[in-house]
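Visitor: Test case, fold it:
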Amino acid sequence: MATSNEITLYLQQRFSSNLAFRHSADDLFEYINSLNTQMVVIDFSDIKSITRSFAHQYIVNKTKSDKQIAECEIPLKIKPMFELVERQRLGLQKGN
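Guide: Sure thing, here's the model as predicted:
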C-alpha cells in the first residue's frame, strides 16, 4: 500500500488505453479506496477512448469515495464524455 501524501495512478498502465467497462471503474476505486493516502491524482495520459458506462461509474464512485481525487492529462476527446455524464447525472438529481 502507498503511504505518501499523494499518489498518481496512470490509467493506461493499470487498464488499457480504452476504458470500457463499469467493473473496471469499480476495480479502480476499490484500489483507490484501499490506499493509505488521502490525495489521489488520476492520470489519463494515452487514453484513446472511454465509454459512457465507464465514465458514469467513474463519476459515481468518485462521488462516493472519501479520497480527494483529481484528474490530469485528460485528452480533449475524452472530456466531452465526462461532461455529458455529469450533465445527465445532475439533471436526474434535479428531477429534470
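Visitor: by contact count, what packs against the helix or strand encompassing Gln88?
Guide: Taking DSSP states H and E as the criterion, Gln88 maps to helix 79-94. When contacts are defined as 3 or more C-beta pairs under 8 Å, 6 or more residues apart in numbering; DSSP states H and E, helix 79-94 sits against helix 52-64. From N, CA and C alone the C-beta is placed, and that goes for glycine too.
Visitor: thinking Arg89 is in contact with Ala55, fair?
Guide: No - counting by C-beta atoms under 8 Å, Arg89 stays clear of Ala55, with 10.0 Å between them.
Visitor: neighbour-wise, which of those two wins?
Guide: Shown here are Arg89 and Ala55; by other C-beta atoms under 10 Å, Ala55 has more neighbours (22 against 15).
Visitor: Okay, that one and Gln88: tell me how far apart.
Guide: 10 Å (C-beta to C-beta, to the nearest Å).
Visitor: do the same with Asn36
Guide: Taking C-beta to C-beta as the measure, Asn36 falls 34 Å from Gln88.
Visitor: between the two, which one's more packed in?
Guide: Gln88 (14 against 9).
Visitor: Could you report the distance from that one to Asp66?
Guide: 24 Å.
Visitor: Once you drop chain neighbours, what's closest to Ala20?
Guide: Nearest residue to Ala20, sequence neighbours excluded (C-beta to C-beta, 6 or more residues apart in numbering): Thr51, at 4.8 Å.
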